[in-house]
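J.: sequence unknown, structure follows:
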Ligand SMILES: C[S@@+](CC[C@H](N)C(=O)[O-])C[C@H]1O[C@@H](n2cnc3c(N)ncnc32)[C@H](O)[C@@H]1O
């Protein structure tokens with residue numbers, strides 16, 4: 001089965017979600033869903049894939065919410081700067097950075113539905129965010145001032161690749177802002193900049209409020225890096241896509257795109 005066109009993917013995101021406010025970020029609205037499983041099954045049918053990626057793009061995750069709240073409190077971190085949002089999902093962090101006056105914002109994800117959601121959300125929030133559908137971790141870090149990474153430490157292999165790549169970027173002088181609510185594979189030894197009580201839902205997490213941190217990385221890679229925390233039962237193959245920690249129910253511009 002051929003992949004639906006970008007326009008069809010956006011139409012699907014509109015059908016599967018609603019434009020809704022985001023907790024504690026009164027100026028931001030995102031296309032979000034209430035039920036992970038429902039959206040996951042809808043995505044499977046839409047994409048013709050029995051086991052599509054989890055619909056991360058249909059939710060604002062605690063790590064991204066923490067980064068966003070930090071940026072609202074510290075707009076100087078992104079204002080006038082070239083920003084990359086790694087693993088953008090809905091586009092939340094990218095959109096907040098753009099609204100706070102970033103010179104440019106480039107969002108990256110590997111899920112075509114994230115691309116669709118990010119474009120819809122950028123438009124709904126009246127900002128421009130460029131998007132590339134690619135595994136950025138397979139490339140050197142792009143030339144930018146700040147890299148945002150919301151909630152990227154939930155799966156062992158991915159988290160390890162993310163952290164290694166982010167450390168390289170930090171070593172080259174890029175400011176890293178990583179948001180995390182204590183996922184299993186958040187490494188120790190990061191520098192904590194801020195903490196937030198993030199309002200989320202039991203659909204996604206084991207609690208309605210998740211204590212979440214925003215971390216940065218030193219620009220020197222320490223020789224004796226801390227190993228990741230012990231693994232929880234997180235895994236990609238799960239009966240119910242409710243995901244991120246073990247114990248939780250357990251995985252261009254729009255205008256140009258419109259003419260495709
Ligand atoms: C938990 S979601 C976080 C989304 C958003 N940052 C937030 O906090 O709401 C994780 C995202 O990472 C993306 N992802 C996973 N591996 C990736 C990779 N190698 N490169 C870019 N994105 C990736 C997934 O597709 C998903 O959208």
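T.: That came through, no problem. Here the structure is a predicted model, which means the values were calculated and not measured.
J.: What sits closest to the residue nearest to the spatial centre of the chain if chain neighbours are left out?
T.: Nearest to the geometric centre of the chain sits residue 88, at 3.7 Å (Cα atoms, centre = their mean). Closest residue to residue 88 apart from its sequence neighbours, by Cβ to Cβ, 6 or more residues apart in numbering: residue 107 at 3.8 Å. In this view, the C-beta of every residue, glycine as well, is placed from N, C-alpha and C.
J.: Show me what from the stretch 1-150 of the chain comes close to the ligand.
T.: 53, 56-57, 60-61, 63-64, 86-90, 92-93, 108-111, 114, 135-137, 150 (Cβ under 6 Å from any ligand atom).
J.: again, 8 Å this time
T.: Applying Cβ under 8 Å from any ligand atom, we find that the stretch 1-150 of the chain lies next to the ligand at 53-54, 56-57, 59-65, 67, 85-93, 108-111, 114, 134-138, 148-150.
J.: Next step: those restricted to strands.
T.: The strands, defined by DSSP state E, take in 85-86, 108-109, 148-150 from those.
J.: With respect to residue 76, which of the residues you listed is nearest?
T.: Lowest distance from residue 76 to those (Cβ to Cβ) belongs to residue 148, with 14.5 Å.
J.: quick one, helices of the stretch 1-150 of the chain?
T.: Along the stretch 1-150 of the chain, counting by DSSP state H, counting those that start in this stretch, helices occupy 6-16, 36-47, 62-73, 92-99, 112-124.
J.: for the second one, the distance to its chain's centre please.
T.: If you compare the mean C-alpha spot of helix 36-47 with that of the full chain, they lie 19 Å apart, counting by Cα atoms, centre = their mean, to the nearest Å.
J.: What residues sit buried inside it?
T.: By neighbour count with 16 or more other Cβ atoms under 10 Å, helix 36-47 contains the buried residues 36, 39-40, 42-43, 46-47.
J.: Tell me the one of those residues nearest residue 204?
T.: residue 36 (7.0 Å).
J.: Return the set of buried residues in the longest helix along the chain.
T.: In the chain, taking DSSP state H as the definition, the longest helix is helix 156-171. Neighbour counts using 16+ other Cβ under 10 Å place 156, 158-159, 162-163, 165-167, 169-170 of helix 156-171 among the buried residues.
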